[in-house]
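Student: what's the 3D shape of this:
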Amino acid sequence: MSKIYTRTGDAGQTALFGGVNGAIFYFLGFRFYTPPLGFALTLGLLYVGLSFKRRRRINRFNEQLPDVLDIIVRSLRAGHPLPIALSLAGRELPDPAGTEFGIVSDEVTFGLDITAANCPNGPHVELWTCNGGTNQQCRATGGQLINPASGKCLDDPNGSTTNGTQLQIWSCSGASNQKWTVP
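Tutor: Numbers count the residues shown, from 1 in each chain. Coordinates of the predicted model:
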């Protein structure tokens, strides 16, 4: 549910929609039906409403994608580096593409590499030449190795001790597959 909420766009409209659903819960749940039925109806309406907003936002993003690519390509042909091209796309385009590319541009500017910027759980860890960026740093806290840029932990997806296991980046949970012995 939180994934749908974060991709709907305008938080104010979403909060208003939640308040309207709360009123529906009150009137239908306590006045005419049993409270569990009203609660289930309210959750169903909230899910459908957020799914509709999310789908509409993704469709608008897809409509803007050719313009995004055009701005980035023109900027690169003019000799600008990729972070500047991303920043330009973020500034020049309206929501949702402008907002999303603005977020990615900020994350790249503040030290995340492009593959890690705005990343979900699950990207695999890759070895690279050290460049001192925050995307290559971890701090040991309570046996967990936490990347300061993303706030996510080094994770063994299957809790395996087999050589060659592909590690990943994941939200910190404190589980045993995120515990490491650091000298």
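
Student: Please determine how far the closest residue to L154 other than its chain neighbours is located from Q166.
Tutor: Leaving out its chain neighbours, the residue that sits closest to L154 by Cβ to Cβ, 6 or more residues apart in numbering is L145, at 4.1 Å. For glycine as for every other residue, the C-beta is placed from the backbone atoms N, C-alpha and C. According to Cβ to Cβ, to the nearest Å, L145 stands 16 Å off from Q166.

Student: Likewise for P66?
Tutor: 35 Å.

Student: and what of V73?
Tutor: Distance, V73 to Q166, using Cβ to Cβ: 33 Å.

Student: Next, the contact list for the residue nearest to V182 when sequence neighbours are not counted, please.
Tutor: Once flanking residues are discounted, V182 sits nearest to A140: 4.5 Å by Cβ to Cβ, 6+ apart. Contact partners of A140, counting by Cβ atoms under 8 Å, 6 or more residues apart in numbering, are I146, W180, V182.

Student: Is A140 in a helix, a strand, or coil?
Tutor: Using DSSP: H, G, I helix; E, B strand; the rest coil as the criterion, the local structure at A140 reads strand.

Student: what's the answer for N158, then?
Tutor: Three-state assignment for N158 (three-state DSSP): coil.

Student: residues contacting it?
Tutor: T165, N177.

Student: Next one, pLDDT for it please.
Tutor: At N158, the pLDDT value in this model is 79.

Student: again, but for R139
Tutor: 78.

Student: ok, back up a step: any idea which of the contacts of A140 the model trusts least?
Tutor: Minimum pLDDT across these falls on V182, with 71.

Student: Tell me, how many residues neighbour it?
Tutor: 9 (other Cβ atoms under 10 Å).

Student: hang on, it in a strand?
Tutor: No. Going by three-state DSSP, the assignment for V182 is coil, not a strand.

Student: doesn't L145 make contact with it?
Tutor: Yes. Checked against Cβ atoms under 8 Å, the pair V182 and L145 is within contact range at 7.3 Å.
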